[in-house]
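Enquirer: Provided below are the primary sequence and the corresponding predicted coordinates.
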Number of protein chains: 2
Amino acid sequence: MTERVVLKLGGSVITDKSGGCTIDHARLREIAEVLAAHREIALVLVHGAGSCGHPEARRYRVDEGLGRDNLPGVYHTHAAVSRLNAAVVEALREAGIEAIGIHPLCLALAEDGRLVSFETRQIAGMADHGIVPVLHGDVVMDTLRGSCIVSGDQVVARLAFALGSRRVGLATDVAGVLRGGSVIPRIDREILESLDVGGSAKTDVTGGMRGKIAELLILADAGIDSEIFHVSQIGRFLDGTDHGGTVITRKE
Amino acid sequence: MTERVVLKLGGSVITDKSGGCTIDHARLREIAEVLAAHREIALVLVHGAGSCGHPEARRYRVDEGLGRDNLPGVYHTHAAVSRLNAAVVEALREAGIEAIGIHPLCLALAEDGRLVSFETRQIAGMADHGIVPVLHGDVVMDTLRGSCIVSGDQVVARLAFALGSRRVGLATDVAGVLRGGSVIPRIDREILESLDVGGSAKTDVTGGMRGKIAELLILADAGIDSEIFHVSQIGRFLDGTDHGGTVITRKE
């Protein structure tokens, strides 16, 4: 079995998070070039929603119960993040990468906001054949709430666990998890307790940096480390060299 | 639990099967009007690929093994039928139906051409909340072949079984299963043996009328009847009145 690498592109990395679905196509082209130079890796890509989907999710409150008045929110939230997904897939394909968009709404089932069904064997099959599946944070159906939002970070953790990935990277618009302007090189549950890691000030229904770390600590509990680094360091992450970011790990 | 009705729109009903992805938008609008008049029904829709996907599937032979040379066929086949899916969803939404496209490639896994994993609880949840999921025949990953084509008919049978549907309809461009120009009102395995039901003369990698009946007989074996009728009779099927078509059923 080829080593499968899970890489997440933060929503704020590939969209302008202040505006309504403003996609950063230039950034996507840059990322695609880097990924194209590492085509020997069996890669599974995940991206956040950024300004494509978060505003709709909040407007329709698709996270809090589904009824007559907010029913269209499932479509509109999904459609917004799917537009971003199509742009990511297009940028990768233009760089010669055999990318295909995979939508969590199509395949997942959640219970009270947590994924309880998420088939990954088709995704593994794609990665092993040289296809790069491109998933994303999405609205999904929920057995208790009707619908909910599943963050890209939750998708990353679920995929990494199911695919047995030993290399999990999250490219963000900061150099790592920061304290007083400096990168914290290593976080486990004990270190986290001593930190004050803030939520995001911008529109993000999925929890900002604190939510991200919580997801990755669950993954760390299962023995899978993950790495948070600046988007400019994707190549170094894929090369396995130092990227100056943060490793989320299990307490030794 | 609401009664869940599974309805399939044949690929030749909504595309011009002789040309390359020629979508019949006028036909889609007519169908959407009829469905909008039956909004009390929890409906799950499936459509065939018609001229959107079948040519790509044949050109790349995505049914026969996946390697370097035909790898792009997964994307191109899926993209073609997804274009048709988007047109179906758009026509339904313009008629006021809360439709969402669901792609088998995202969720399904096949083994030697047969679906072995196909989560349907999210689809049931949508139907029960008043969303109309719109699925389709698609290329999917296959544990033995790499990839394969799963027909809309196989998707219909799988869905109907999993959702416990008692009403399963297939709208086609003929009045039912024909013999000498007349509709055969009822087909079971014994009756089928006495018939000469032809394959399709047009481009269809999924087996034409014979393949359709084979899928529906598997469903009938499980105690679920299905009905094949002309597309103009969708309203009568949904009303539960006579549509002049063929019922596929278990031998009494």
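Expert: Right, received. Where do you want to start?
Enquirer: all the helices of chain A, in order from the start?
Expert: In chain A, the segments counted as helices under DSSP state H are A:11-14, A:25-36, A:54-60, A:72-94, A:104-107, A:121-129, A:152-163, A:189-193, A:208-221, A:234-239.
Enquirer: for the third one, which outside residues touch it?
Expert: Residues outside helix A:54-60 that contact it (Cβ atoms under 8 Å, 6 or more residues apart in numbering or on different chains): A:11, A:17, A:20-21, A:49, A:62-63, A:70, A:72-74, A:76-77, A:80, A:139, A:149, A:203-206. Bear in mind the C-beta positions are built from the backbone N, C-alpha and C, glycine included.
Enquirer: try 10 Å this time
Expert: A:11, A:15, A:17, A:19-21, A:48-49, A:62-63, A:66, A:69-81, A:137-139, A:147-149, A:202-206 (Cβ atoms under 10 Å, 6 or more residues apart in numbering or on different chains).
Enquirer: in it, what's buried?
Expert: For helix A:54-60, the neighbour count (16 or more other Cβ atoms under 10 Å in any protein chain shown) marks A:54-58, A:60 as buried.
Enquirer: biggest separation within these, which pair?
Expert: Spatial extent of the buried residues of helix A:54-60 (Cβ to Cβ) is set by the pair A:His54 and A:Tyr60 at 11.4 Å.
Enquirer: in a markdown table: the helices of chain A, plus mean pLDDT.
Expert: As requested, these are exported to a markdown table (pLDDT from 0 to 100):
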| stretch | mean pLDDT |
| --- | --- |
| helix A:11-14 | 94 |
| helix A:25-36 | 98 |
| helix A:54-60 | 92 |
| helix A:72-94 | 98 |
| helix A:104-107 | 98 |
| helix A:121-129 | 97 |
| helix A:152-163 | 97 |
| helix A:189-193 | 88 |
| helix A:208-221 | 89 |
| helix A:234-239 | 98 |
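Enquirer: for the ones you listed, could you give me CSV that also reports distance to B:Leu7?
Expert: As requested, the helices of chain A are exported to CSV (distance: least, Cβ to Cβ, whole Å):
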stretch, distance to B:Leu7
helix A:11-14, 37
helix A:25-36, 39
helix A:54-60, 27
helix A:72-94, 19
helix A:104-107, 19
helix A:121-129, 26
helix A:152-163, 32
helix A:189-193, 51
helix A:208-221, 39
helix A:234-239, 45
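Enquirer: between these, which one is closest to B:Ala32.
Expert: helix A:72-94 (15.2 Å).
Enquirer: let me see the contact set for the residue sitting furthest away from the middle of chain A.
Expert: In chain A, the residue that sits farthest from the middle, by Cα atoms, centre = their mean, is A:Arg68; the gap is 30.1 Å. For A:Arg68, the contacting residues are B:98, B:129-130, by Cβ under 10 Å, 6+ apart.
Enquirer: for A:Gly130, same thing?
Expert: So A:Gly130 contacts A:2, A:39-40, A:42-43, A:97-98, B:66-68, B:71 (Cβ under 10 Å, 6+ apart).
Enquirer: lowest pLDDT pick from these?
Expert: pLDDT across these is lowest for A:Thr2, at 68.
Enquirer: list the contacts for the residue nearest the centre of chain A?
Expert: Centre of chain A computed as the mean C-alpha position; nearest residue by Cα atoms, centre = their mean is A:Gly152, 3.2 Å away. Applying Cβ under 10 Å, 6+ apart to A:Gly152 gives the contacts A:8-11, A:46-50, A:81, A:104, A:135-138, A:170, A:206, A:212, A:215.
Enquirer: buried subset of those?
Expert: A:8-11, A:46-50, A:81, A:104, A:135-138, A:170, A:206, A:212, A:215.
Enquirer: can you pull the phi/psi pair for A:Asp69?
Expert: Per-residue torsions, A:Asp69: phi -80, psi -30 (degrees, to the nearest 10).
Enquirer: what is the neighbour count of it?
Expert: Neighbourhood size, A:Asp69 [other Cβ atoms under 10 Å in any protein chain shown]: 9.
Enquirer: got the contact list for it?
Expert: A:60-61.
Enquirer: per-residue pLDDT, it?
Expert: 93.
Enquirer: how near is it to B:Ser117?
Expert: Applying Cβ to Cβ, to the nearest Å, the value for A:Asp69 to B:Ser117 is 35 Å.
Enquirer: over to A:Gly11?
Expert: Taking Cβ to Cβ, one finds A:Gly11 at 29 Å from B:Ser117.
Enquirer: now do A:Asp225
Expert: For A:Asp225 relative to B:Ser117 (Cβ to Cβ), the value is 29 Å.
Enquirer: what do you get for A:Val132?
Expert: Remark: distance between A:Val132 and B:Ser117 (Cβ to Cβ) = 21 Å.
Enquirer: who has more neighbours out of those two?
Expert: Neighbours were counted for A:Val132 and for B:Ser117 using other Cβ under 10 Å; A:Val132 has more, 21 against 17.
Enquirer: and the residue nearest to that one when sequence neighbours are not counted, how many neighbours?
Expert: Closest residue to A:Val132 apart from its sequence neighbours, by Cβ to Cβ, 6 or more residues apart in numbering or on different chains: A:Ala99 at 4.6 Å. By other Cβ under 10 Å, 25 other residues sit near A:Ala99.
Enquirer: close to chain B, is stretch A:73-82?
Expert: Yes. Using Cβ under 10 Å from any Cβ of the partner chain, stretch A:73-82 reaches chain B at A:74-75, A:78-79, A:82.
Enquirer: ok, the residues you listed vs chain B, which is closest?
Expert: Using Cβ to the nearest Cβ, A:Tyr75 is the member of these that sits closest to chain B, with 5.3 Å.
Enquirer: distance check, A:Ala222 against A:His38.
Expert: From A:Ala222 to A:His38 the distance is 25 Å (Cβ to Cβ).
Enquirer: A:Val81 too?
Expert: Distance from A:Val81 to A:His38, by Cβ to Cβ: 25 Å.
Enquirer: and A:Gly67, what does it touch?
Expert: A:61, A:146, B:129-130.
Enquirer: buried ones among those?
Expert: Applying 16+ other Cβ under 10 Å to those flags A:146, B:129-130 as buried.
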